[in-house]
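**Q** How does the following fold in three dimensions:
(chains A, B, C and D)
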There are 2 protein chains.
Amino acid sequence: MRSSMKFESTVTDPKLVADRRAQIASAAITLFAVKGYYRTTILDIAKAAGISSGLIYQYFREKEDVLCFALLRVVDTYEREIPRRISEAQDPIDRLCLAVEAYCSIVDELRDATLLAYRSTQSLSAEGRKFLMEGEQRSNAIILDCINECIKGRYFNDVNGDLLVYQYVMYCHTWALKYWAFREKYTLQEYVQEGLKLLVEPHLTSRKGRRAFNNRQGDVLPEL
Amino acid sequence: MRSSMKFESTVTDPKLVADRRAQIASAAITLFAVKGYYRTTILDIAKAAGISSGLIYQYFREKEDVLCFALLRVVDTYEREIPRRISEAQDPIDRLCLAVEAYCSIVDELRDATLLAYRSTQSLSAEGRKFLMEGEQRSNAIILDCINECIKGRYFNDVNGDLLVYQYVMYCHTWALKYWAFREKYTLQEYVQEGLKLLVEPHLTSRKGRRAFNNRQGDVLPEL
DNA sequence: TTTTTATGAATGAACATTCAATCCGTTTGG
DNA sequence: CCAAACGGATTGAATGTTCATTCATAAAAA
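**A** Okay, here's the model as predicted:
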């Protein structure tokens, strides 16, 4: 299930609508990220997108809809991409690690938008917020499934899965939130590797879990 | 070192200045948290504080200064309270756990303001942002010291301290960021306990570390 | 030609900031 | 002991600017 929120448009051609909205949203996200939502004017967005200010109102009902549209695309991307990227693997540990990797790399690609989600959710209508939270919950559920599979298959010791999900998700988000601190110290790859060491490794069962974890990387952990 | 940013006031009596600023900031934080910074007008703040709109300008140069003042009080609180609360303990594990507990409970008390810091840093001037980041770095350094003591004293296995600090800090912040999800599931106490299990326990050395960790709580971990 | 898409100047509401006027406690001079 | 003057603190209406949004018009497509 993908977010199904509807946005109004006076323009009829669906392809044109999709393209223009993407064009507008992309310009808007950059500006919102740099100047913030309220400091960014419709005229700013129009200029950055290379269109007139009035045209934006042919594709969105109001300024807030531009924000909402942009943020929903982010959670949609999580929901679409993470399952796609873990579908290759069978092994639960593999799938969990791939999910974290995928999440981090999407955050990296959509760093501006991820930040924006933290900063600007409040500027959304109750309805927009609801859709956003539901999307977030759905992508959390994907990770939770991975964790539960690890526990069920005895790759993981028994842990509080609900809370661990948030650890993983926040770890991924933190790449965007604290990018100013991390960019100097780590590449994204290193960050992900360290994250797995920190957040996956400690919960592995001493035999089955460690074996599976070792299998997927260069560096080898001793079985305890 | 505490944040030393100066704010202008036309009022001379220092006690009055401190009181009025606290009064204004407190009203402002609540409103900012509920409606957001830009949606909150100076008149809103004045009404909530029970004073006239003009008076705010006797204590702050501009609206942004109210925000900045409020946010700096938060990081100042971390810097003041965490060292105070860990000073009772000698044992490195104790100190680390106390630091996390203290951090979480400050976040809980200042939940609105903590959220605000994530949402509104961007609305600050470059100078305000700088002060805020420096304060954040200083309180991170307090936690990092605790971690390094644990490693040096062989209570912790060797871990990436820099990254672990962010795990701890983000765990504490997450209490505010995801309060809407956690409030139904955990009390603050439970949240902290689970956090220690998740983020401290896995890094304990099997003897010395576990022994110290067990000493401080009711529930007993077996030494491996 | 008719319909759809695009433009950008005009409108009007919202709001930060200012400032002339007021309030009120304290000091001064009779 | 009282009254007048003083000055810091406070008020809130007035100001000017900044946009979101609209709409009459133009361009392009069908």
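
**Q** all contacts plus neighbour counts: C-alpha atoms, from now on.
**A** Will do.

**Q** quick one: least confident helix or strand in chain A?
**A** Least confident helix or strand, chain A: helix A:179-182 with a mean of 92, by mean pLDDT, DSSP states H and E.

**Q** Could I have the CA atoms of that one written out in PDB?
**A** Extracted in PDB, the C-alpha atoms of helix A:179-182 (Å, rounded to 0.1, in the frame of the first residue of the first chain):
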ATOM      1  CA  TYR A 179      25.500  15.000   8.400                       C
ATOM      2  CA  TRP A 180      27.400  18.200   9.300                       C
ATOM      3  CA  ALA A 181      29.200  16.100  11.900                       C
ATOM      4  CA  PHE A 182      29.600  12.900  10.000                       C
END
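
**Q** Buried residues, that helix. List them.
**A** For helix A:179-182, the neighbour count (16 or more other Cα atoms under 10 Å in any protein chain shown) marks A:Y179, A:F182 as buried.

**Q** How far off centre is whichever helix or strand comes after that helix?
**A** Past helix A:179-182, further along toward the C-terminus, the next helix or strand under DSSP states H and E is helix A:188-199. Helix A:188-199 sits 17 Å away from the centroid of its parent chain (Cα atoms, centre = their mean, to the nearest Å).

**Q** Likewise for stretch A:19-35?
**A** That offset, for stretch A:19-35, works out to 17 Å (Cα atoms, centre = their mean).

**Q** Is it positioned near DNA strand D?
**A** No - Stretch A:19-35 does not reach DNA strand D (Cα under 7 Å from any atom of the strand); its nearest approach is 10.7 Å.

**Q** repeat for stretch A:123-135
**A** No - counting by Cα under 7 Å from any atom of the strand, DNA strand D has no neighbours in stretch A:123-135; the shortest distance is 11.9 Å.

**Q** List the single closest residue to A:L164 in space, sequence neighbours excluded.
**A** Closest residue to A:L164 apart from its sequence neighbours, by Cα to Cα, 6 or more residues apart in numbering or on different chains: B:L198 at 7.7 Å.

**Q** ditto for A:C97
**A** Using Cα to Cα, 6+ apart and skipping the chain neighbours, the partner closest in space to A:C97 is A:L196 (7.1 Å).

**Q** Around that neighbour, how many other residues sit close by?
**A** A:L196 has 19 neighbours, counted by other Cα atoms under 10 Å in any protein chain shown.

**Q** same thing with A:D94?
**A** Residues near A:D94, counting by other Cα under 10 Å: 18.

**Q** who touches it in this structure?
**A** Contact analysis of A:D94 by Cα atoms under 8 Å, 6 or more residues apart in numbering or on different chains lists A:A212, A:F213, A:R216.

**Q** Take the residues you listed and keep only those in helices.
**A** A:A212, A:F213 (DSSP state H).

**Q** need the contacts of A:D94 in CSV with pLDDT, neighbour count and distance to B:L55, can you?
**A** As requested, the contacts of A:D94 are arranged in CSV below (pLDDT from 0 to 100; neighbours: other Cα atoms under 10 Å in any protein chain shown; distance: Cα to Cα, whole Å):
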residue, pLDDT, neighbour count, distance to B:L55
A:A212, 95, 17, 65
A:F213, 95, 24, 63
A:R216, 83, 13, 64
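
**Q** Then A:S9 would be within a helix, right?
**A** No - counting by DSSP: H, G, I helix; E, B strand; the rest coil, one finds A:S9 to be coil, located in no helix.

**Q** For it, what are phi and psi?
**A** In terms of degrees, to the nearest 10, the main-chain angles of A:S9 are phi -150, psi 140.

**Q** Return the distance of it relative to DNA strand D.
**A** As judged by Cα to the nearest atom of the strand, to the nearest Å, A:S9 and DNA strand D stand 12 Å apart.

**Q** What is the neighbour count of the residue nearest to A:L164?
**A** By other Cα under 10 Å, 19 other residues sit near B:L198.

**Q** Ok, A:E134 next?
**A** A:E134: 15 surrounding residues under other Cα under 10 Å.

**Q** how about the residues of chain A near DNA strand C?
**A** A:T10, A:V11, A:T12, A:D13, A:L16, A:G50, A:I51, A:S52, A:S53, A:G54, A:L55.
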